[in-house]
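Visitor: Return a 3D structure for these sequence lines:
(one chain, ligands or ions: 1)
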Amino acid sequence: MKEIIYDEKSIINLKMFGIEIPALKSRKTKTIEALLEDSELFQLKDQWLKTLNPYNISREDLERIHSENYLRSLFSDSPDACLKKAYELVNPDGSFNRYKPETAVAPLSDLLQQILNSCAGTYYSTRKALETGFCYFMGGGMHHGHGDFGHGFCPTNDIMIAAARILAERSAENIWIIDVDAHKGDGTADIAGNFDSIKTLSVHMADGWPLDEPEYDAQGNFNRAYCKSDIDIELRKEEENSYIPRMKEGLSQMEERFGKPDLAIILLGVDPYEKDELLSTDTMKLTEEQMLERDQQIFGFLDSRSIPSAYTMAGGYGSYSWKAHYNFLNWVLKNE
Ligand SMILES: [Zn+2]
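Guide: Sure, this is the predicted structure:
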């Protein structure tokens, strides 16, 4: 049976640190609770629900994708500056943004271990996928993490950490990253540029963050959010009805250009969902039906070609996003 990793240890709990980004733990717990409410799935839960991750992620794993300078700051006694930048906690005038340190119950430096645990979940899902063909990890998808900085709530990039480790271990020779989060996978595109055997497809909003600043600043410096994926598919406001056909075209192009990979890692972000509550995803509003069709099409494409596939959650904000995760998983578990 297809497996889902839901490991308490790998859940990043931002609230503990006084961070008020609406990336709620409940989208994971609610999804699992709803799946377990189904008596058929409840009976079979020992077959599909994996709650213990045997892997760890070390600094050495991060060294494959991050610069030495960045890691020195991140692993210093005070990684707070890196974390505050990645989670966008400080405004240019020095005031706090979605951050109330007085409500924190743990120091910000403890967040790094939670992040590494989450990266370990993504790596575990790739190992499982290579073993069984399919695995879904309830976490991961930090696609805005670049080699030498983090932004967009992504201090590192679990997807690239897992892919680079799989390549280093020679468990796969070619890997695809399929990213359908509403936001462009800019960090992934940037880092993957250093790996010939990792190919990237990103389907995202043409106009929203991180593409809301010019490609070059006044001094002529390149804005790294514009690093190109191998295939970028950009959708403008009110182009929702062309989302599925254009995404399918992207998948076909990946196959035509790069052949069949040994592994695919998918970022099944649900922030394109019309009920997502993050303001910056306002230009992409897929219905619940379109979200499920998107996920089914990706699954069908990879499954029919027997491409081992590791799925991660990526973005999803507010109290309704869990439903889009649930719809896909409920379908996948019953689609044996
Ligand atoms: Zn996103």
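Visitor: and the chain, which of its residues are near the ion?
Guide: Contact residues (Cβ under 5 Å from the ion) of the chain with the ion: 181-183, 269, 271, 315. (Glycine included, C-beta is placed from N, CA and C.)
Visitor: The ion: which of the residues you listed is nearest?
Guide: The ion has its nearest neighbour among the residues of the chain next to the ion in G315, at 2.8 Å by Cβ to the ion.
Visitor: Could you check the pLDDT of the closest one?
Guide: We have a pLDDT of 93 for G315.
Visitor: quick one, what contacts it?
Guide: 23, 141, 181-183, 269-271, 276, 278, 281 (Cβ atoms under 8 Å, 6 or more residues apart in numbering).
Visitor: how many other residues sit next to I65?
Guide: 27 (other Cβ atoms under 10 Å).
Visitor: P155: what's it in contact with?
Guide: Counted by Cβ under 8 Å, 6+ apart, P155 has contacts 74, 82-83, 86-87, 112, 115, 142, 145.
Visitor: Name the nearest residue to it, ignoring sequence neighbours.
Guide: In space, and not counting its chain neighbours, P155 is closest to A86: 3.8 Å by Cβ to Cβ, 6 or more residues apart in numbering.
Visitor: And for that neighbour, the neighbour number?
Guide: 24.
Visitor: how close does it sit to T103?
Guide: Taking Cβ to Cβ, to the nearest Å as the measure, A86 falls 19 Å from T103.
Visitor: Please apply the same query to L302.
Guide: 42 Å.
Visitor: Report pLDDT for the spatially most central residue of the chain.
Guide: In the chain, the residue lying closest to the centroid (Cα atoms, centre = their mean) is G141, at 1.4 Å. Looking at G141, its pLDDT is 97.
Visitor: What strand or helix carries it?
Guide: Secondary structure assignment for G141, by DSSP states H and E: no helix or strand.
Visitor: Run a quick check on it versus V270, I expect a contact.
Guide: No. Look at G141 against V270 with Cβ atoms under 8 Å: they stay out of range, at 10.2 Å.
Visitor: got any residues that touch both of the two?
Guide: 313-315.
Visitor: Pick the one among those residues closest to F195.
Guide: A314 (19.9 Å; Cβ to Cβ).
Visitor: Give me the number of neighbouring residues for the closest one.
Guide: Other residues near A314 come to 25 when the count uses other Cβ under 10 Å.
Visitor: name the element the residue of the chain positioned farthest from its centre belongs to?
Guide: What lies farthest from the middle of the chain is Q219; by Cα atoms, centre = their mean that is 31.9 Å. Counting by DSSP H and E, no helix or strand carries Q219.
Visitor: how about the helices in this structure?
Guide: Under the criterion DSSP state H, the chain carries helices at the ranges 26-36, 39-43, 45-48, 59-63, 68-74, 80-86, 111-132, 158-168, 186-192, 243-258, 288-304, 322-334.
Visitor: who does the longest strand that the chain contains pair up with?
Guide: Secondary structure of the chain per DSSP state E: the longest strand is strand 198-205. Sheet pairing of strand 198-205 (DSSP bridges) gives strand 175-179 (parallel), strand 231-235 (parallel).
Visitor: Return the angle between stretch directions for the last one and helix 243-258.
Guide: With axes from the mean of the first three to the mean of the last three Cα atoms, to 10 degrees as the criterion, the two stretches strand 231-235 and helix 243-258 enclose an angle of 170 degrees.
Visitor: what's the spacing between strand 231-235 and its chain's center?
Guide: 17 Å (Cα atoms, centre = their mean, to the nearest Å).
Visitor: And for it, what's in contact with it?
Guide: In contact with strand 231-235 (Cβ under 8 Å, 6+ apart) are residues 184, 189, 200-206, 242-243, 246-247, 249-250, 253-254, 257, 284.
Visitor: Done for today, thanks.
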